[in-house]
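Peer 1: Just the structure for this:
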Amino acid sequence: MQLECGHQFAVVLTNTEAPHQVLGQERVTNDLWRPAIECGRLEAARRDRRRPPQLPVGPGVIEPLWHETLKAPYLGGFRLTLPTEGAPCVQDFGTDYFGTVAQQLLEQLVAAKQVPADTACGYVVCAFPRSAAAESPPAGRPRGWSAKPKAQTLALDELPLPSFLDRSAPHGAVPDDLVPVFIPERVLAEMAALHGRAGAAETGGNLIGYLHRDPARPETLFAEVTAQVPAQHAQQELTRLTFTPETWADVDAAIRLRGRAERKLGWWHSHPARQWCEKCPAEKRQACPRGGDFFSVHDAALHLAAYPMAYSVALVLSDSYAHGLAFTLFGWRQGRLARRGFHWLDGDGSLARLDRSPSTLGEHPHERACDFATESR
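Peer 2: From the prediction side, this is the model:
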């Protein structure tokens, strides 16, 4: 989709113990706006009562929202405006949207030994007007050149939400602003079996299914996972799973062969935490706060690249000494990845414990990560 942005945004990493010490900075690329755009497009679809709803195609506009006390160039957030046939769809986002960029920057600096691993870090986000030169059209393209974007629709099945709620059990809380996700227990059982066969290596696959809309409440959209497609040709390691082009080709082929007009809803992977803690003393295994239900920076980068749609989800199957087998779902919320609940469909939830302690996005027992605070000096 076309995007208009008159400012260049940058994430500035700082030392929280010495706030004026800049540790590094990273310019925000256009790719980073995709989750926010998809969040706005989904919200526009919720408001559209047509069958199927039409998605805004552009041009979208990104504007800085200046910090109330620091003022420009420091941000308190940004505003996204998407055109629709009615009133424009307007959404505001906070600076926590840029947390993954800050995490990735910190890991790069630590790996390059430019920043000590135990440094307490925070970040601020700045925006500066783009120069006239940067706004000039590319050579060979005349001023005033434009192309009319093609209208797009969101394919939805009309099914009542209560028919799914009546045969499911909640697994965690699903905020009202998120799309409810229903996952059959047989699909979760397949994941558990694949994890058992993979041993010490991470394994995973892709989640396929449907998007539905409740005809009684057109603003209510929900997702139904119908199957998982095991990741073939993926690079499996102890603490990382990397999908390859052949992996994605296999998923597309499986959808075609099934012939049910399913879509890709997300992906899943396992965390063999028992293997990570194998050499730890027994008392440490039981007390370890990281049971494996986290989302690493590597995971977040894969999700952003392959599943930026606002309804896209990622499920983590963790197997730890402290908590046993458990399933944790992550998804987009206001353009950033966060833990969220889902509905356990057609089963009693016996595969895993439901009383899971909160996990932290970005934590990993074998990778450098931290919880950032956006500073307001």
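
Peer 1: Domain map for the protein?
Peer 2: Listed by automatic domain parsing, the domain ranges of the chain are 3-153, 157-373.

Peer 1: Could you check how far the longest one is from the centre of its chain?
Peer 2: The reference is to domain 157-373. With C-alpha atoms, centre = their mean, to the nearest Å as the basis, domain 157-373 stands 11 Å off its chain's centre.

Peer 1: average model confidence for that domain?
Peer 2: The average pLDDT for domain 157-373 rounds to 79.

Peer 1: likewise the shortest one?
Peer 2: Per-residue confidence for domain 3-153 averages out to 86 on the pLDDT scale.

Peer 1: Can you tell me how far G209 is from E26?
Peer 2: 35 Å (C-beta to C-beta, to the nearest Å). (C-beta placed from N, C-alpha, C; glycine too.)

Peer 1: can you give me the helices in the stretch 51-200 of the chain?
Peer 2: 99-111, 132-135, 162-165, 185-198 (DSSP state H, counting those that start in this stretch).

Peer 1: Point out the most buried one among the ones you listed.
Peer 2: helix 99-111 (a mean of 20; mean count of other C-beta atoms under 10 Å).

Peer 1: which strands and helices sit next to that helix?
Peer 2: strand 7-15, strand 18-27, strand 121-129, helix 297-306, strand 336-340 (3 or more C-beta pairs under 8 Å, 6 or more residues apart in numbering; DSSP states H and E).

Peer 1: can you list the ones you listed in CSV and add mean neighbour count and distance to P160?
Peer 2: CSV is the format used below for the helices and strands packed on helix 99-111 (neighbours: other C-beta atoms under 10 Å; distance: least, C-beta to C-beta, whole Å):
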stretch, mean neighbour count, distance to P160
strand 7-15, 20, 43
strand 18-27, 13, 46
strand 121-129, 21, 43
helix 297-306, 18, 30
strand 336-340, 19, 22
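
Peer 1: any chance of those in CSV, plus distance to L55?
Peer 2: Below are the helices and strands packed on helix 99-111 laid out as CSV (distance: least, C-beta to C-beta, whole Å):
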stretch, distance to L55
strand 7-15, 25
strand 18-27, 28
strand 121-129, 27
helix 297-306, 19
strand 336-340, 21
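
Peer 1: Figure out which of the ones you listed is closest to A193.
Peer 2: helix 297-306 (21.8 Å; C-beta to C-beta).

Peer 1: Tell me which strands the helix or strand following that closest one pairs with, and in which orientation.
Peer 2: Downstream of helix 297-306, the first helix or strand assigned by DSSP states H and E is strand 313-320. Here strand 313-320 has these sheet partners by DSSP bridges: strand 263-271 (parallel), strand 324-333 (antiparallel).
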